[in-house]
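>>> Can you look at this prediction? I've put the sequence above it.
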Amino acid sequence: MSITSLPETDRSVPLNRNRRSALIALAGLLVAEVVLGSIWKILPQNSAVSPNVFTALMFLMVPPILFFIYDAIWGIKSRNSKMASYPMMLIALGVFVLGTLWTVMFSFTNIKIIPLFTPADWVKGFVGLANYKRLFNTSRWMDCPGLTKAFQSGWEFKCAGALPNMVTYAVLSIAISVSLGFLLAVMMDQKIRAEGVFRTIFLYPFALSFVVTGHVWAWIMSPEYGLQHSIRALGWESFSFDWIANRDMVMYAIVIAGIWQGTGFVMALMLAGLRGIDDEIWKAAKVDGIPAWRTYIQIVLPMMKPVLVTTFVIVSSGAVRIYDLVVATTDGGPGISSDVPTRYIYQNFSANLGQSLSASTVMLVAMAVVLIPWIRVEFGKKSQA
Amino acid sequence: MANTSTISAEPSGAKPKPFITWERAVVYTVLIVCALFFLLPLYIMIITSLKSISEIQGGNIFVPSSNPSLAAWEKAWNSACTGLYCEGIKVGFWNSIKITVPSTIVSIAVASISGYSLANWPFKFSEGFFTILLLGSFIPYVVMLYPIVIITRYLGIFSTLPAVVLVHTIFGLPIQTLLFRNYFASLPQELFKAARVDGASYWQIFFRVFVPMSVPIFTVSVILQVTGIWNDFLFGVIYAGPTNYPMTVQLNNIVNSAQGGKAYNVDMAATILTGLVPLTIYFISGKYFVRGIAAGAVKG
Amino acid sequence: MSYSVSVKNLTLKFGAAEVLKNLNLDVEEGEFIVLLGPSGCGKSTLLNCLAGLLELSEGQIHIKGKNVTWAEPSERGIGMVFQSYALYPQMTVRGNLSFGLKIAGLPKADIEARVQRASEILQIGPYLDRKPGALSGGQRQRVAIGRALVRDVDVFLFDEPLSNLDAKLRSELRVELKRLHNRLQNTMIYVTHDQIEALTLADRIAIMRGGIIQQLAPPQEVYNRPVNLFVAGFIGSPAMNFLKGAVVDGGKAFQVGNTKVSLEGYDGGTNIERPKAILGLRPEHLLIQPEAEAGMTIPAQVELDEPMGADSLVWLVAEGHQLSVRVPVENRPKPGATVHLKVEIHKASVFDAESEQRI
């Protein structure tokens, strides 16, 4: 079953019959409107409920009222279904569409904390690409050596800052967790004993919070009393594992924690994909004398393309969002050397909203780049069918 | 191999096999090594939480305590300091319960009805709205965080429980709706038709025919939502307000409020306590958990 | 005007595609109508329109003289039986039977009496308190029929009700359905792609293709006098033999290759010559004989035979056409032999090759 296609069904509605219930609903809504309109006036001044709540509710009831007026006069198909989907539609339009648009639009303005809503505010505060210029000139967001500088240092092209950190984390954690996850899934698919035990072990970190994961790994990797200390105490004096405290290595430490948490998830998806492959493919390959590893690479892997794409999209949308793991493991440290975009954006909410909004928009664009392959797979299917 | 001698010149009967082939040995070795890697943090969490501070400072991270005690657990639960006050992580535990229960109920109620509408009563723009939701689930949360701050502030619920419940409902909606929509679409269409011939209305079909036969998907959905909401950090820290901070935020504050040297044993005890609810759900409901994440990802 | 079900100029569109095209159908009181056709012909769609499960684009539906075009399924006086039984899995058999009655708000005693009657007719009394999961396929289908029965309706709609059953059960339930119809004398409209079901059950068969009813007639007529090439080819197993040729001699003979077959005694009007025509002959309407008879036989060469118990299907080549002939198994000729096929022209059909209509 594809996400985007459903069987054609609709229902015939006897228009004359539903009029009465439409009128009842309409009357109910109008009474509610009146009650809401008068109740906040008699509410005590220091009430815990803001008067705005009533205004908002009254406003939200306008579309249903218009809906039932239309219904009472001309009749509406699938009325219950449409009404019941109202919260879903409201969230889709009001939060996902309008919220995103708001962020993108106001990233071109110099607004501060006070929220601005209107197009007039937008025009007044419009500053063009100023926020973006400032953003990419902020070393905490991105600090890459220019071409000349890179040439002088012998092409040592090392970027610092929140955005490059996120890219480092995303590329490494996706590459490692997807390949390790696939490898584990293939091994789990070898009719092994105690498969359930192994699956439980590989997957349990995924049930945990990133905060939990972060603190455990911070403890294990802490140079003070953790792994390094313990191995040195065993006599290997020169052993060194201080990534978490090392500006250049700290992102790799976070990648380790991320892999620990996410590989089981990839494994579970891949295993589901492997199990979904027709048994007869295996029989045919066996009769043809193709060795198992070649079957995996040349036949099974291409057949799993949809699963791989879905996995990739999910894992990368998670990696782009990385926040809790960093906060728990290093809280961006040492210094700001493991800062990530979400943390940067959140910390600028109060003082520097323009930076937050422009950085958010950059993240949106980054995610769009990742989403394109998935959209092509998911929506391309429909046009072929 | 003991049975080599019994092989006659002509192959006959079961083909003799070695006790273990080298391929199998490789498979098991890799699996066991990986299993150890995945188990290590759990092991270290547990043994650290049972040690005393002096044992931690003097001993080896891998070696369990010679004198295990639950003192650190007691402290973590009852009296660990978060920087604001010293009432332990139990405050966060109850806050997380207060957040998780209503968020789970509201989000599943909205999502199951939306999924039912989309699957069985599609209308002109229903798939369009659904596509928006689906794409929306991939948009980085940060993009919508500030608009929601504005909305909740306008409604006067910013930094309160209703705000965080609202946010969890909003962000849980796409995946939950997908889950229910695909499940209801996978039920036989004829069942829906039969109910309509029997005269059942939109709500009667949902509550009397579909819900009773959808216990598995509701279970999956509850598991996904409870673990997801329990494990959330970002929404809790932004929208809940300090008095309602969920357990994950409290844990982070306890670990970070080092007063005179880090108390790793207390930190690890608090960490285990925070992970205990999702872990318990995970171990009890193993199959459903796997099904949930697979259904959310690979579609019905 | 006292038709039980009457469909007037019904058109149904899914987007731009017309699934049913200006369709008319009148069903008499107590009639058993079978809608038959290949998949995608619109037969199930038509049934869903009758049930009110699909909204039609144009036209009207009348049931018992009442216009029900806009009525809810439950208000149409219909009961429906589905291919997958569609029993509510969480309810007992009794719950399944009484669900619709409870929704309609019938008094308890009335519901009980109706369930009792249905369970007696269908002999499902012993399973009333079981859940559908504990029943066999045949039992489930009986319960599904019972669900239509308790509604005490005028019209029964069946959507391929026997397709999910194995061959043996299918033939048993087929007989039971016929018995049920004899007893209840309700109007029944029955969708199937199985022509045996259609031929055995129907008072009249409506053969559909491309959203159009091609022929609506009693089974024997559909079998013996198919109105066009499609119906002729669709009904009958093994399929009808088609010989391409021409109607010659002023409509008195059919010329295929070098052979002429007299059309004397043909059941239809062929008094004009047609340069392109098709002679349709069912396998049992050809007789194998050793000698030729002028104007009556076609020479043929035996290719192979397929013995099927009592009969054998013999495959021959005659005038460049491959033909099958059904013969008693003991009379089958040897492969390679040359024989003559005697045409029972009064049972044959001749079609115009252009219009594909019977002439």
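Great, that's in hand.
>>> Show me the shaky parts of the chain.
Using chain A. Across chain A, the ranges flagged by pLDDT under 70 are A:1-18, A:45-46, A:113-117, A:147, A:150, A:153-157, A:377-385.
>>> My question was about chain C, not that one.
C:1, C:270.
>>> quick check: longest helix of it.
Using DSSP state H to define each element, chain C has its longest helix at helix C:167-184.
>>> Would you tell me what the next helix or strand after that helix is?
strand C:187-192 (DSSP states H and E).
>>> can you tell if stretch B:100-113 touches chain A?
Yes. Using Cβ under 8 Å from any Cβ of the partner chain as the criterion, contacts between stretch B:100-113 and chain A involve B:V110, B:A111, B:I113. C-beta coordinates here come from the backbone N, C-alpha and C atoms, glycine included.
>>> how about the second one, what does it touch?
If you count contacts by Cβ atoms under 8 Å, 6 or more residues apart in numbering or on different chains, B:A111 has them with A:M88, B:G172, B:L173, B:Q176, B:T177, B:L179, B:F180, B:S221.
>>> let's see 10 Å
Counting by Cβ atoms under 10 Å, 6 or more residues apart in numbering or on different chains, B:A111 makes contact with A:87-88, B:133, B:169, B:172-181, B:221, B:225.
>>> B:A72: which of those residues is nearest?
Closest to B:A72 out of these is B:Q225 (31.1 Å), distances taken as Cβ to Cβ.
>>> Quick one: residues contacting the closest residue to that closest one other than its chain neighbours.
Distances taken as Cβ to Cβ, 6 or more residues apart in numbering or on different chains place B:T104 nearest to B:Q225, at 4.4 Å, with adjacent residues excluded. Taking Cβ under 10 Å, 6+ apart, we find B:T104 in contact with B:165, B:168-169, B:172, B:176, B:221-226, B:228-230.
>>> Domain ranges for the chain, per the record?
Using chain A here. Chain A is divided into the following domains under automatic domain parsing: A:19-84, A:160-347.
>>> try chain C instead
Using automatic domain parsing, the domain parsing of chain C gives C:5-233, C:241-352.
>>> highest average neighbour count across the ones you listed?
Mean neighbours per residue, mean count of other Cβ atoms under 10 Å in any protein chain shown, is largest over the domains of chain C for domain C:5-233, with a mean of 19.
>>> hmm, back to that, who wins for neighbours among the contacts of B:A111?
B:T177 (30 neighbours; other Cβ atoms under 10 Å in any protein chain shown).
>>> Contacts only, for the closest residue to C:V227 other than its chain neighbours.
Nearest non-adjacent residue to C:V227, counting by Cβ to Cβ, 6+ apart: C:Q215, 4.5 Å away. C:Q215 is in contact with C:36, C:204-209, C:221-222, C:225-228, C:230-232, C:234-235, C:358, counting by Cβ under 10 Å, 6+ apart.
>>> Return stretch A:58-67 as CSV; C-alpha atoms alone will do.
The C-alpha trace of stretch A:58-67 is given here as CSV (Å, rounded to 0.1, in the frame of the first residue of the first chain):
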residue,chain,number,x,y,z
MET,A,58,-14.6,31.9,18.5
PHE,A,59,-12.4,32.5,15.5
LEU,A,60,-11.9,28.8,15.0
MET,A,61,-15.6,28.2,15.1
VAL,A,62,-16.2,30.4,12.1
PRO,A,63,-15.3,27.9,9.4
PRO,A,64,-17.6,25.2,10.9
ILE,A,65,-20.4,27.7,11.1
LEU,A,66,-20.0,28.6,7.4
PHE,A,67,-19.7,24.9,6.7
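>>> what's next to that stretch, contact-wise?
With Cβ under 10 Å, 6+ apart, stretch A:58-67 has contacts from A:22, A:25-26, A:28-30, A:32-37, A:40, A:52, A:71, A:76, A:79, A:82-83, A:86-87, A:89-90, A:94.
>>> what would the residues of stretch B:100-113 next to chain A look like in a markdown table with secondary structure and pLDDT?
Formatted as a markdown table, these follow (DSSP: H, G, I helix; E, B strand; the rest coil; pLDDT from 0 to 100):
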| residue | secondary structure | pLDDT |
| --- | --- | --- |
| B:V110 | helix | 95 |
| B:A111 | helix | 95 |
| B:I113 | helix | 96 |
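>>> For chain C, state which of these is nearest.
B:I113 (19.1 Å; Cβ to the nearest Cβ).
>>> surely the closest one meets B:W203?
Yes. With contacts counted by Cβ atoms under 10 Å, B:I113 reaches B:W203, the gap being 9.3 Å.
>>> ok, back up a step: which strands and helices sit next to the longest helix of chain C?
With contacts defined as 3 or more Cβ pairs under 10 Å, 6 or more residues apart in numbering or on different chains; DSSP states H and E, the packing partners of helix C:167-184 are strand C:32-36, helix C:108-122, helix C:137-150, strand C:155-159, strand C:187-192, helix C:195-201.
>>> again, only using 7 Å
When contacts are defined as 3 or more Cβ pairs under 7 Å, 6 or more residues apart in numbering or on different chains; DSSP states H and E, helix C:167-184 sits against helix C:137-150, helix C:195-201.
>>> what about the helices in the stretch 151-300 of chain B?
Counting by DSSP state H, counting those that start in this stretch, one finds helices in the stretch 151-300 of chain B at the ranges B:161-186, B:189-197, B:202-204, B:215-231, B:234-235, B:247-256, B:264-284, B:286-298.
>>> can you list contacts of the fourth one?
Residues from elsewhere that reach helix B:215-231 (Cβ atoms under 7 Å, 6 or more residues apart in numbering or on different chains): A:207-209, B:96, B:99-100, B:103-104, B:107-108, B:168, B:172, B:176, B:179-180, B:183, B:248, B:277-278, B:281, B:285, B:288-289, B:291-292, B:295-296.
>>> Please repeat the previous calculation with a cut-off of 8 Å.
Applying Cβ under 8 Å, 6+ apart, the external contacts of helix B:215-231 come out as A:207-212, B:96, B:99-100, B:103-104, B:107-108, B:111-112, B:168, B:172, B:175-176, B:179-180, B:183, B:211, B:246-248, B:277-278, B:281-282, B:285, B:288-289, B:291-293, B:295-296.
>>> Same check on the shortest one?
By Cβ under 8 Å, 6+ apart, the surrounding residues in contact with helix B:234-235 are A:Y323, A:D324, A:T342, A:Y346, B:Y141, B:L145, B:V164, B:V167, B:H168, B:F171.
>>> Let me know the secondary structure of the third one.
Spelled out, that is A:T342. Under the three-state scheme (DSSP: H, G, I helix; E, B strand; the rest coil), A:T342 adopts helix.
>>> Run a quick neighbour tally on A:K158.
11.
>>> what residues are up against it?
A:P145.
>>> mind checking how far it is from chain B?
25 Å (Cβ to the nearest Cβ, to the nearest Å).
>>> Let's verify that residue: helix, strand, or coil?
coil.
>>> how close does it get to A:N165?
12 Å (Cβ to Cβ, to the nearest Å).
>>> Please apply the same query to C:I345.
90 Å.
>>> ok, now C:Q220?
C:Q220 is 83 Å from A:N165, where distance means Cβ to Cβ.
>>> Repeat that for A:W236.
Counting by Cβ to Cβ, the gap from A:W236 to A:N165 is 31 Å.
>>> same question, A:A328
For A:A328, the distance to A:N165 (Cβ to Cβ) stands at 15 Å.
>>> Could you count how many residues lie near the closest residue to chain A within the stretch 101-250 of chain B?
Using Cβ to the nearest Cβ, B:G156 is the residue of the stretch 101-250 of chain B that sits closest to chain A, at 2.6 Å. With neighbours defined by other Cβ under 10 Å, the count for B:G156 comes to 17.
>>> Thanks again, I'm all set now.
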